[in-house]
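S.K.: the following comprises the amino acid sequence and a computationally predicted model.
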2 protein chains.
Amino acid sequence: MDEFSFIRSIAPKVHRQSGLIKGIGDDTAVFRQPYQDIVTAVDTFVEGVHFTSETMDPYHVGYRVLAANISDIAAMGGTPAFYMIAIVIPEGWTEEGLASIYKGMDDLASLYHIDLIGGDTVSGNELSISVTIIGYVEQNKVRYRSHAREKDIVFATGTLGDSSAGLYLLTNEDSRLSEEARNYLINRHRMPSPRVAFAKALHAAERVALNDISDGIANEAAEIAEASNISIHLYDEQIPVHQSLKRFNREQQRKWKLFGGEDFELIGTVPEQDWPIVAAASGKAKIPVTKIGFVTNPASEAGSVVLHEGNRQTILDKAGYTHLK
Amino acid sequence: MDEFSFIRSIAPKVHRQSGLIKGIGDDTAVFRQPYQDIVTAVDTFVEGVHFTSETMDPYHVGYRVLAANISDIAAMGGTPAFYMIAIVIPEGWTEEGLASIYKGMDDLASLYHIDLIGGDTVSGNELSISVTIIGYVEQNKVRYRSHAREKDIVFATGTLGDSSAGLYLLTNEDSRLSEEARNYLINRHRMPSPRVAFAKALHAAERVALNDISDGIANEAAEIAEASNISIHLYDEQIPVHQSLKRFNREQQRKWKLFGGEDFELIGTVPEQDWPIVAAASGKAKIPVTKIGFVTNPASEAGSVVLHEGNRQTILDKAGYTHLK
């Protein structure tokens, strides 16, 4: 199959977004959005670096790379609308395998009502996928990392560490868990659910700092702390973990919930009086939300994250990973 | 240097676009454009497939990958505004080499007054660069390939085949050309100039079909013919070539001007009465434009490209390349 037939085979037959004027099929896509601001980001995933065929089927690869990008839009309080896929395909990939990657993306895109509007497919030696995501955000309601202020409540959605535990289960023998718990954690690793509905439901709040948890909460909290020039205090025992995680030893639990990435939950801060808005958003989006800490404006060490474990306080190292070393 | 220091080093210090609200530094970029439609595309370039260090310095790689994308915006009649770069970096690339790639992009971006607003840098085994380009286009003035109609004039900007000749000179011994001609052609290969100003200057024309010549005019004409369901007739002797190209033999000239890609000139069609608008755009943008043919609406063979060479008419094969085979 040549490039053009392949593109035809993946080009959507219908548009989900009313603002889309022209999708795949000309030099560029064209869309219209006069009332809201545009948010956009790009992420690249390389086989052997960001995923491996040992733990992910092609379907999951597609699902998860798009989920990671949708999560970036959620972290800005936006609504995803469009995506484009640039893919480098090594020899040996079958049409069926490629189609599975796109199927994974399209199934998620369908859930979030977004359109594939462009892309590029080229040959190379290693599989890599670049996703460009484009969304809308209400003017002056962008949820920047720099929006945290002293005395804010810090909250997190969902449960943390699930994805890391799922990856562990995919790469290690472990008989402690029930089939159900095992499936839950693996599914959280392979098919995460970006928290768009929750972030949008925060609409009534005037000021929210928001970040998605792609690199571990320690790292994401530090990004907010640095951008806002404040300190974030987290209560270790309040960081939400799923009951399935409690079957692992304390060291694993701690590592995964604090430093494990790719749960694609959200961490945020709001003024104390806006907590009812957060709680209501949780109910509306049917996503649990937990108070996990508070914001201070210290004389020194602004930009830091402080972990409270019982009576002990420690400055959390980011321990997030950076890909370019 | 880690990823964050590198991103800081390439993050623009000032914004060129007034619509940009937030560039690099949060989960996504944010911009506002209430009055025009948005055009966007993505292209990926892989070392060894789309470029090699034998014919391109890192600076040229950066310059040309961005030029190719800006050209897509020109082909829609739009104005480029923003770009994002996702780059896969193999071991062995120095900070200096990477900085040169970004310098090449930034020098071109400066000429076109566009902002780098996001990206991703990841490790991998082969260098690949995905460019996402975003621009604006006046509502209802998008220049689709499907806009060609019977009796339209077909035109091309600049000269064709230069880039292929430049690549030839970079990979073959050839003593026929003067140093000046040689430099001209090599420069056209390494540092093409997308025809944004010309395309925008067509503003007064109600209907224009437009395509940029990235894969050879035969292929680009066929794309217009197919999208518009008409036939495009081209006069071989009217296809514009630079005087430097005339030092090569007839076979080389023919191959390069018809099938050689990456000149990033434009091919278009307009109603005959709008030719003065095209001529005026040429003057305004200081880019030569040449009438090279006409459009018919044949009973059969719609979608074809017919080449007139003297009294001989042949149906042109696309002979464009497709990367996925």
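M.R.: It's in. Numbers count the residues shown, from 1 in each chain, chains lettered A, B, ... in the order given.

S.K.: where along chain A do the strands fall?
M.R.: Using DSSP state E, the strands of chain A run over residues A:20-22, A:29-31, A:37-46, A:79-90, A:115-124, A:128-137, A:153-157, A:209-212, A:231-235, A:266-270, A:289-296, A:305-309, A:312-315.

S.K.: what's the closest of the ones you listed to B:Ala109?
M.R.: Closest of these to B:Ala109 is strand A:37-46, at 15.9 Å (criterion: Cβ to Cβ). Using the backbone N, CA and C atoms, a C-beta is placed for each residue, glycine as well.

S.K.: JSON lines please, covering the strands of chain A and showing mean pLDDT, mean neighbour count and distance to B:Lys255.
M.R.: Output for the strands of chain A, formatted as JSON lines (pLDDT from 0 to 100; neighbours: other Cβ atoms under 10 Å in any protein chain shown; distance: least, Cβ to Cβ, whole Å):
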{"stretch": "strand A:20-22", "mean pLDDT": "93", "mean neighbour count": "20", "distance to B:Lys255": "33"}
{"stretch": "strand A:29-31", "mean pLDDT": "94", "mean neighbour count": "23", "distance to B:Lys255": "32"}
{"stretch": "strand A:37-46", "mean pLDDT": "96", "mean neighbour count": "25", "distance to B:Lys255": "35"}
{"stretch": "strand A:79-90", "mean pLDDT": "96", "mean neighbour count": "24", "distance to B:Lys255": "28"}
{"stretch": "strand A:115-124", "mean pLDDT": "94", "mean neighbour count": "23", "distance to B:Lys255": "23"}
{"stretch": "strand A:128-137", "mean pLDDT": "97", "mean neighbour count": "27", "distance to B:Lys255": "32"}
{"stretch": "strand A:153-157", "mean pLDDT": "98", "mean neighbour count": "24", "distance to B:Lys255": "59"}
{"stretch": "strand A:209-212", "mean pLDDT": "98", "mean neighbour count": "27", "distance to B:Lys255": "51"}
{"stretch": "strand A:231-235", "mean pLDDT": "97", "mean neighbour count": "23", "distance to B:Lys255": "63"}
{"stretch": "strand A:266-270", "mean pLDDT": "98", "mean neighbour count": "28", "distance to B:Lys255": "56"}
{"stretch": "strand A:289-296", "mean pLDDT": "98", "mean neighbour count": "21", "distance to B:Lys255": "64"}
{"stretch": "strand A:305-309", "mean pLDDT": "95", "mean neighbour count": "19", "distance to B:Lys255": "62"}
{"stretch": "strand A:312-315", "mean pLDDT": "93", "mean neighbour count": "10", "distance to B:Lys255": "65"}
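
S.K.: so which of those gets nearest A:Arg143?
M.R.: Going by Cβ to Cβ, the one of those nearest A:Arg143 is strand A:209-212, 3.7 Å.

S.K.: hmm, the closest one in reach of chain B?
M.R.: Yes: on the criterion Cβ under 8 Å from any Cβ of the partner chain, strand A:209-212 is in touch with chain B at A:Asn211, A:Asp212.

S.K.: and that strand, how far out from the chain's middle?
M.R.: Averaging C-alpha coordinates over strand A:209-212 and over its chain gives two centres that are 10 Å apart (Cα atoms, centre = their mean, to the nearest Å).

S.K.: and it, which strands flank it?
M.R.: Strand A:209-212 has its sheet partners listed here by DSSP bridges as strand A:266-270 (antiparallel).

S.K.: hmm, who's touching the strand it pairs with?
M.R.: A:74-75, A:143, A:147-149, A:152-157, A:195, A:198-199, A:202, A:205, A:207-213, A:217, A:220-221, A:224, A:228, A:232, A:277-278, A:292, A:295 (Cβ atoms under 8 Å, 6 or more residues apart in numbering or on different chains).

S.K.: what angle sits between that strand and strand A:153-157?
M.R.: Orientation check (axes from the mean of the first three to the mean of the last three Cα atoms, to 10 degrees): strand A:266-270 against strand A:153-157 gives 160 degrees.

S.K.: so how far is strand A:266-270 from its chain's centroid?
M.R.: 14 Å.

S.K.: could you do stretch A:140-160 as well?
M.R.: On Cα atoms, centre = their mean, the centre of stretch A:140-160 falls 15 Å from the chain's centre.

S.K.: flag every buried residue along it.
M.R.: A:141-149, A:152-160 (16 or more other Cβ atoms under 10 Å in any protein chain shown).

S.K.: quick one, domains of chain A?
M.R.: A:3-137, A:145-315 (automatic domain parsing).

S.K.: which ones are touching the closest residue to chain B within the stretch 151-300 of chain A?
M.R.: The nearest approach of the stretch 151-300 of chain A to chain B comes at A:Asp212, 6.4 Å away (Cβ to the nearest Cβ). Residues in contact with A:Asp212 (Cβ under 8 Å, 6+ apart) are A:Ser71, A:Asp72, A:Ala74, A:Ala75, A:Pro194, A:Arg195, A:Glu220, A:Phe264, A:Glu265, A:Leu266, A:Ile267, B:Asp27.

S.K.: quick one: contacts for the first one?
M.R.: Contacts for A:Ser71 (Cβ under 8 Å, 6+ apart) come out as A:Pro192, A:Pro194, A:Arg195, A:Asp212, A:Ser214, A:Phe264.

S.K.: could you rerun that using 7 Å?
M.R.: A:Ser71 sits next to A:Pro194, A:Asp212, A:Ser214, A:Phe264 when contact means Cβ atoms under 7 Å, 6 or more residues apart in numbering or on different chains.

S.K.: quick revisit: nearest to B:Val241, of the strands of chain A?
M.R.: strand A:115-124 (28.9 Å).

S.K.: could you export the closest one as PDB, CA atoms only?
M.R.: What follows is strand A:115-124 as a C-alpha-only set of coordinates in PDB (Å, rounded to 0.1, in the frame of the first residue of the first chain):
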ATOM      1  CA  ASP A 115     -10.900  14.900  14.500                       C
ATOM      2  CA  LEU A 116      -7.700  13.700  12.800                       C
ATOM      3  CA  ILE A 117      -7.000  16.600  10.500                       C
ATOM      4  CA  GLY A 118      -3.500  16.000   9.100                       C
ATOM      5  CA  GLY A 119      -0.300  14.100   9.300                       C
ATOM      6  CA  ASP A 120       2.700  12.700   7.600                       C
ATOM      7  CA  THR A 121       3.900   9.100   7.100                       C
ATOM      8  CA  VAL A 122       7.500   8.600   6.200                       C
ATOM      9  CA  SER A 123      10.000   5.700   6.200                       C
ATOM     10  CA  GLY A 124      12.800   5.400   8.700                       C
END
